[in-house]
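S.K.: with the sequence up front, the predicted model follows.
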Amino acid sequence: MKVLFVTPECYPLVKTGGLADVTGALPLALAPFGVESRVLLPAYPGVRDKLTGARKVATLPDLFGGTGALVAGRTADGLQVWLVEAPHLFARTGGGPYLDANGHDWPDNHLRFGALSWVGAEIAAGRLGGWQPELVHLHDWQAALVAGYLHFDRSARPDPPTLLTIHNLAFQGLFGMAELASLRLPPTALDSDGMEYWGNLSFLKAGVRWSDHLSTVSPTYAREILTPGQGMGFDGLLRERQHELTGIANGIDVTVWNPLTDHALTTPYSVRRLPAKAANKAALQAQLGLPVRPDAPLFCVVSRLTTQKGLDLLVAALPRLVARGGQLAVLGAGDRWLEDSFRHAAHEHPEHVAVTIGYDEPLSHRLQAGADAIIVPSRFEPCGLTQLYGLRYGTLPVVARVGGLADTVIDANEAALRDGVATGFQFSPVEVDPLAVALERACELFADTVAWQRVVKRAMTRDVSWSVAAGAYLDLYQRLLATRLPDTSPHPAFT
Ligand code: ADP
């Protein structure tokens, strides 16, 4: 099966969030199932240099205001990549793929991702690059317009089916209606059942309307986005297509996140060499200036510091954690007021709280290895990755019961403990008191070393690799292809 991924990000070429991990890992995880993937993304500065064997496979003479090229190459892991090389759109340095140096959206983002989508649609239709996919997998609003171009494509040949994965409904690709003309779409694209959205045009809405199928990154988030509370204005549209909406939880790269081979750690460990985890805890406590106490439950946070992540609740619940003798190590960056709240907490409780503001990949690994538990109190969470790393490292997740957090952590209630299936702690609703109670429950279980170790072992043996998700995507791809197969049953007129 041949599948084209269209995406604005792909690890290890360019990454701002979990979306890049999915488009970097899923094609590789699908390869053993016989899926031949190509990943199409923009040639941001430096991306072509990270590919081996990069070569031009097509010229794009009229690409939304300039000349471009389609460039093929591969990553060190063997991922087959196609780049849209268009200096007038993508050769810019700023604050990542979407923002200028001042942190504002580039004013022509509609053209930049319109161009990406247009090239994706041309490849899908078999008109570009000499390779036609049987299915096209779109990621987020930046790729969603592929479905629009294919919808209005008047060529006689049937197009491959499209699947749109929504990684975070908060990002909807909204632009002024007047931009439609520059996007090479007909005026009818703005009909009420088209991509018009409250006086704007929305790339995401185009994808929701015209993709053959929709998915999101966990089963619970797939249900939550059908509700007014979590649907971010799209719940009505999504409810219309709820029978064509699938939730598949992400996996993680278990080679990068492997406590036995992780070079960031002081002492490697595994489920069979669990006592060695304690050495990582002692090293971390010492590094962070916390008292080196094996008996103090050490909690960590590795996160963007935003209201989505619910960390203001943790600040409020902190006195109850401190009262139980718990320690907290925070690594994160984001909203200034949250950064200041955590700095203040560290100042107030120097024996219990250590805060590192910034982005630090090696430290994030050492926190996952050295802490006893990781706290993820998100108000909404499409999937979430840090709780999965926590499971893999035997660092029990304490999570809000929302989205992918609800799907990937089994609460240590009496029944789950008795049956030996618990892997962490859940709380609901997402408020201060339930979070504090969950933290207290974690402290209580931690005091029972045998029971805690049993849960740790269970967490570490959960399969959080991509192979589970890849199987689910393959199944979905096959169902979508089956709906497009030519009808070979005898025509009624001839029976
Ligand atoms: P989101 O994509 O909403 O930020 P996820 O949990 O899906 O949340 O993914 C966050 C990723 O970013 C994880 O890999 C996490 O380890 C990493 N991360 C977040 N903040 C930091 C930080 N300050 N330093 C290092 N890694 C971080």
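M.R.: Cool, the structure landed. Numbering: from 1, shown residues only.
S.K.: flag every residue of the stretch 351-495 of the chain that's near the ligand.
M.R.: Counting by Cβ under 6 Å from any ligand atom, the residues of the stretch 351-495 of the chain close to the ligand are 359-361, 364, 384-386. No exception for glycine: its C-beta is placed from N, CA and C like everyone else's.
S.K.: just the buried members of these?
M.R.: Burial by neighbour count, 16 or more other Cβ atoms under 10 Å: within those this picks out 360, 364, 384-386.
S.K.: max pairwise distance over those residues: which two?
M.R.: D360 and G384 (19.3 Å; Cβ to Cβ).
S.K.: helices - which of the residues of the stretch 351-495 of the chain next to the ligand land there?
M.R.: 361, 364, 386 (DSSP state H).
S.K.: distance of A189 relative to the ligand?
M.R.: As judged by Cβ to the nearest ligand atom, to the nearest Å, A189 and the ligand stand 31 Å apart.
S.K.: run a quick neighbour tally on L237.
M.R.: Residues lying near L237 (other Cβ atoms under 10 Å) number 18.
S.K.: nearest residue to it in space, please, no chain neighbours.
M.R.: Using Cβ to Cβ, 6 or more residues apart in numbering and skipping the chain neighbours, the partner closest in space to L237 is V208 (5.3 Å).
S.K.: hmm, the one you found is touching L164, no?
M.R.: Yes - using Cβ atoms under 8 Å, V208 makes contact with L164 at a distance of 7.0 Å.
S.K.: got any residues that touch both of these two?
M.R.: 144, 214 (Cβ atoms under 8 Å, 6 or more residues apart in numbering).
S.K.: neighbour count for those two, which is higher?
M.R.: Between V208 and L164, counting by other Cβ under 10 Å, L164 is the more crowded of the two (28 against 25).
S.K.: show me what counts as buried in stretch 214-227.
M.R.: Neighbour-count burial for stretch 214-227 [16+ other Cβ under 10 Å]: 214-226.
S.K.: could you list the low-pLDDT ranges of this structure?
M.R.: Residues of the chain meeting the criterion pLDDT under 70: 156, 485-495.
S.K.: which parts of it sit against the ligand?
M.R.: Residues of the chain lying near the ligand (Cβ under 6 Å from any ligand atom): 17-18, 302-304, 331-333, 359-361, 364, 384-386.
S.K.: give me the buried stretch members for the helix or strand hosting A346, please.
M.R.: Element membership of A346 [criterion: DSSP states H and E] is helix 336-348. Residues of helix 336-348 classed as buried: 338-339, 341-342, 345-346 (neighbour count, 16+ other Cβ under 10 Å).
S.K.: again, but for stretch 414-432
M.R.: For stretch 414-432, by 16+ other Cβ under 10 Å, it's 416-417, 422-427, 430, 432.
S.K.: list the contacts for D21?
M.R.: D21 sits next to 11, 15, 250, 252-253, 385 when contact means Cβ under 8 Å, 6+ apart.
S.K.: wait, R223 sits on G247?
M.R.: Yes - applying Cβ under 8 Å as the test, R223 and G247 come out as touching, 7.3 Å apart.
S.K.: skipping its backbone neighbours, what lies nearest T67 in space?
M.R.: T67 sits nearest to P61 (Cβ to Cβ, 6+ apart), 5.7 Å away.
S.K.: do the same with A451
M.R.: A451 sits nearest to L445 (Cβ to Cβ, 6+ apart), 5.8 Å away.
S.K.: wait, that neighbour touches W452, no?
M.R.: Yes - shown here, L445 and W452 form a contact pair, counting by Cβ under 8 Å, at 5.4 Å.
S.K.: can you tell me the SS state at F64?
M.R.: coil (DSSP: H, G, I helix; E, B strand; the rest coil).
S.K.: contact partners for it?
M.R.: Contacts of F64 (Cβ under 8 Å, 6+ apart): 86, 89, 111, 114-115, 118, 182.
S.K.: what about it, distance to the ligand?
M.R.: 29 Å.
S.K.: distance of I225 relative to T23?
M.R.: 20 Å (Cβ to Cβ, to the nearest Å).
S.K.: ranges for the strands of the stretch 101-250 of the chain?
M.R.: In the stretch 101-250 of the chain, the strands defined using DSSP state E, counting those that start in this stretch lie at 135-139, 162-166, 174-176, 196-197, 200-202, 213-216, 245-247.
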